[in-house]
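S.K.: Fold the following.
(chains A and B)
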Amino acid sequence: MTDTVTTQPVPPHRTAEEIGRTPLGPRPLPPLGEQRPAGELSSVDTVLPNGLRVIAVRRAAVPIVEVRLRIPFGSPSAADAPGHAARAEVLANTLLTGTARRDRVQLDTDLALVGGDLGTVVDPERLSIGGSALASGLDTLLDVLADVLTGAVHSDEETARERDRLVERITLARSQPSVIAREALQRRRYGDHPFSVEVPEAALVAQVTAEQVRDLHRGSVLPRGSVLVLVGDVDPERVVAQVGGALSGWAGQDAARELSPLPPVVGGDLLLVDRPGAVQSQIRLSSQAIARTDPRYPALQLANMVFGGFFSSRLVENIREDKGYTYSARSYLEFTPSGATLLVDADTASEVTAAAVLETRYELGRLGLVPPAGEELETARRYAVGSLLTATSSQAGLASFLANLAVAGLGVDWLRGYPTRLAEVTAEQVAQAALEFFAPSAFTGVVVGDAGRLAPQFHALGGVTLP
Amino acid sequence: MAAPELHRFTLPNGLRVVLAPDRSAPVVGVSVHYDVGFRSEPEGRTGFAHLFEHLMFQGSESLEKLAHFRHVQSSGGTFNGSTHPDYTDYYQVLPSAALERALFLEADRMRAPKLTQENLRNQIDVVKEEIRLNVLNRPYGGFPWIWLPPVLYKSFPNAHNGYGDFTDLEQATVDDCAAFFDTYYAPSNAVLTVAGDFAPEQARELVERHFGDVPARQVAPRPSFAEAPPTSELRGVHKDPHAPLPALAVGYRLPDPATDLDGYLAYLVLSGLLTDGDGARLQQRLVHRDALVTDVGSGCGLFGPLEARDPDTFTVTAIHSDQVEPDRVLAALDEELDKLAQAGPSAEELAKVTARWAASLHKEHDRMVSRTLGLGSTELLFGSPELLYELPERIAAVSESDVVTAAKALRPDARAVLTVAPAASADSTTDLPGGAA
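M.R.: Below you'll find the model as predicted:
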């Protein structure tokens, strides 16, 4: 950079006050027009003879097809969860490194030539394989998918290399404040339940053998209980037949293993987790919620919107737009095998962390005691309907949304009917959900930050277990 | 890619307008691109263009603080803004019934934003939290976009930290905001883009109704940010107190996309050949064969391709084990570039890159946000929104010899190398952005 700071002439300009007004004065907000509904989705939802559920939807705006495969991949037992997580992580990272028919480069080449990509990710609940290709290349995409599901070799060499890379990547992941906070929250909420093991231990990953990965693949990568979603420029009936043909060799008597049910989240003190030298803290709160199938769900979603579910929410307007404590504050629902939980996240500078926790508790309490109504509720309702419309207006967005519904046993019908269900929610139902699910006493959680700076304030505030 | 229907016109006040109707989903995208980014902010005011972007959401003559967010969201829409080296964009994607409302909101803040001391102080705090979140409190924060430019470039506009130094941010005044607005946020310095579910005649009428009386203002000619490319290998070190592993970023200069677009696109293809997919050359060599790095990537532009004017940067980045000296990674990179420069890519390699680019451009077109912003930025930077739909063909036309030419230009004596040194014990609070070089 240059060493000297030159004073630049300020050009002639109006004052801020002059800029902010015009001779005409403030103008009225135009009304909304008439909303055209989204087009009907042509879709098929069926189960193949091998037990795989297939959902195919036509959405032909661009000549692409999106695929999302979700395979339940729970640990067989709590005791084995750390080992299972390590083996599953290596499996996910070697799945696309070679089959009996194709080596790693050939897999990439065949996909690339049809504009295709496939990726894998594993979490305590499931193994997910997702990607897309030019619609004209769907045959190739399905052939590659079938090939890796039935013929991935997880060779000794590729397993050794991916294992080494994983050890480094795990180190990288655990240096991210968001990952540190998530791990602390999972332990706080679920203790040793397998759901807590999202990032495996590097030492366990280093011990995983190719033989163990191949065994896991044979025993756990199973079609029964799994779901495949395809969205794009395709004919749903034809595509189901194509999938049936391509994946006919993928078989297994057993069903893929679901994660064992979770214990409910119980309210309690926050745990302060020390991260010495941190200039910012992660606040992570959580409470038990309900699944999408619960009749109270639409009311809960609207209550959550008003609390911290979008920008125009009480939490964001308070701790960001009024007080400037944070850039990112939000609340959201996380769907779990046995229902759902509420999460509240905010990252704040150390000097205002305790104050942000205080304001968050205040807003939690206020939601139940001064519940949303009138324009505040209508804003949330219109946002819930509209953002669902925009989020599912692209092929990729629709595919991912349907995959999330599908793992809860739901499908296109749920999506079709949801705007009406949101429209029918009453203010009383929202108030009831706010009182029930946002009670401050229902929340537990963690704060990750520099304990040396945070402890005196949290000691004074109370409700926080210090390290 | 089949070009959709595009309409372009300019209002008497100089506002350029792009309309891209498409009735396939009942959703619209509205964006405004202003022709000013962080390369234009004055010395002593690093981060100002981004801070000003935040202020544009804080109210205008017809809209109280918070009203902008509420009106977009109560219409069922989403919004955001972002600051780039050469432009600042604002967008909303909404159900199509809210088209007029979105135009009203953008016009109101183009005409008369409320720039107040209270909002400025509040947004300085919010921006500082954003920088703590994205840079100061995380590993590899700002890598490489903040730390590489001061090694590769000499002039303040190209080299400085666009997120800004905390000291500079805190010194920003309301009068700075007024001067910045009057200088850069004139209608003739902006592009309005409307994409999606509407009839073009109706949209044109609404645009004229809401933007027609935004007063015209003179805009000074845009300065050139050109500077000579490096004539030797430049080196810099960034200490990262949170990084567990070393990393490096290599920066090279790109051809000017405004005058040599096909030359620029050759680097887009080269990037695909080097790092896109397991079969790509650097993935094969650095990750799998020699096992020198954990991950490697490359690309045109610090924020993506075709998002900046000249001078723009081609980057190669890698995270590697501390057992590996950076020079070994560089030597392997140079060898692979040399092989490409000698023998060129195979026809199949080129076909792979071409097909993946075609698919990825289709996917971007399918997302209303990226379609709207893409049309606006290509109009602003290149005067041609159609370019977005010509790209697949022009990328497919990049030949073996074009790639050879590009690979030959990535020479060790004309690049910057930034290494990231993990410094687990360093005091993170002393490591503010803007402190490099």
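
S.K.: For the rest of this, base every contact and every neighbour count on C-alpha atoms.
M.R.: Noted.

S.K.: which residues sit in contact with the residue in the stretch 51-200 of chain A positioned nearest to chain B?
M.R.: Proximity of the stretch 51-200 of chain A to chain B (CA to the nearest CA) peaks at A:G115, 4.0 Å away. Neighbour list for A:G115: A:132-134, A:137, B:352, B:354-360 [criterion: CA atoms under 8 Å, 6 or more residues apart in numbering or on different chains].

S.K.: List the contacts of stretch A:340-349.
M.R.: A:265, A:279-291, A:308, A:325-335, A:356, B:129, B:132-133.

S.K.: Now the residue of the stretch 301-437 of chain B found nearest chain A: closest residue in space, sequence neighbours ignored.
M.R.: Proximity of the stretch 301-437 of chain B to chain A (CA to the nearest CA) peaks at B:R356, 4.0 Å away. Once flanking residues are discounted, B:R356 sits nearest to A:G115: 4.0 Å by CA to CA, 6 or more residues apart in numbering or on different chains.

S.K.: Also A:A85?
M.R.: A:P200 (5.5 Å).

S.K.: Likewise for A:S350?
M.R.: A:Q280 (5.1 Å).

S.K.: got the contact list for that neighbour?
M.R.: With CA under 8 Å, 6+ apart, A:Q280 has these contacts: A:347-350, A:449, B:132-133, B:137.

S.K.: What of A:P419?
M.R.: A:V385 are the contacts of A:P419 under CA under 8 Å, 6+ apart.

S.K.: For it, pull up the helix or strand it's in.
M.R.: helix A:412-424 (DSSP states H and E).

S.K.: got the buried residues for that helix?
M.R.: Within helix A:412-424, the residues that count as buried by 16 or more other CA atoms under 10 Å in any protein chain shown are A:412, A:415, A:419, A:422.

S.K.: same thing with stretch A:62-74?
M.R.: Neighbour count says stretch A:62-74 has A:62-74 buried, by 16+ other CA under 10 Å.

S.K.: same deal with stretch A:390-403?
M.R.: Residues of stretch A:390-403 classed as buried by neighbour count (16+ other CA under 10 Å): A:390-403.

S.K.: Return the residues of the stretch 101-250 of chain B in contact with chain A.
M.R.: B:101, B:104, B:111-116, B:122-123, B:125-127, B:129-130, B:132-133, B:136-139, B:150, B:154-156, B:159-160, B:174-175, B:177-179, B:182-183, B:242-245 (CA under 8 Å from any CA of the partner chain).

S.K.: got the contact list for the nearest residue to B:F48 once chain neighbours are set aside?
M.R.: Computed as CA to CA, 6+ apart, the closest residue to B:F48 that is not its neighbour in sequence is B:E41, at 6.2 Å. Neighbour list for B:E41: B:47-49, B:157 [criterion: CA under 8 Å, 6+ apart].

S.K.: still on that earlier bit, which of the buried residues of stretch A:390-403 fall within helices?
M.R.: Judged by DSSP state H, these include A:390-391, A:395-403 as members of helices.

S.K.: Including pLDDT and distance to chain B, could the residues you listed go into JSON lines?
M.R.: Shown next, in JSON lines, are those (pLDDT from 0 to 100; distance: CA to the nearest CA, whole Å):
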{"residue": "A:T390", "pLDDT": "90", "distance to chain B": "7"}
{"residue": "A:A391", "pLDDT": "91", "distance to chain B": "9"}
{"residue": "A:Q395", "pLDDT": "97", "distance to chain B": "7"}
{"residue": "A:A396", "pLDDT": "97", "distance to chain B": "8"}
{"residue": "A:G397", "pLDDT": "96", "distance to chain B": "8"}
{"residue": "A:L398", "pLDDT": "97", "distance to chain B": "11"}
{"residue": "A:A399", "pLDDT": "98", "distance to chain B": "13"}
{"residue": "A:S400", "pLDDT": "97", "distance to chain B": "14"}
{"residue": "A:F401", "pLDDT": "97", "distance to chain B": "14"}
{"residue": "A:L402", "pLDDT": "97", "distance to chain B": "17"}
{"residue": "A:A403", "pLDDT": "97", "distance to chain B": "18"}
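
S.K.: hmm, back to that, and the residue nearest to A:S350, how close does it get to B:T173?
M.R.: 26 Å (CA to CA, to the nearest Å).

S.K.: same check, this time on A:S387
M.R.: Taking CA to CA, one finds A:S387 at 36 Å from B:T173.

S.K.: Looking at these two, which is more packed in?
M.R.: Between A:S387 and B:T173, counting by other CA atoms under 10 Å in any protein chain shown, A:S387 is the more crowded of the two (20 against 14).

S.K.: How about that one, nearest residue that isn't a chain neighbour?
M.R.: Distance criterion CA to CA, 6+ apart; nearest residue to A:S387, sequence neighbours excluded, is B:G76 at 5.5 Å.
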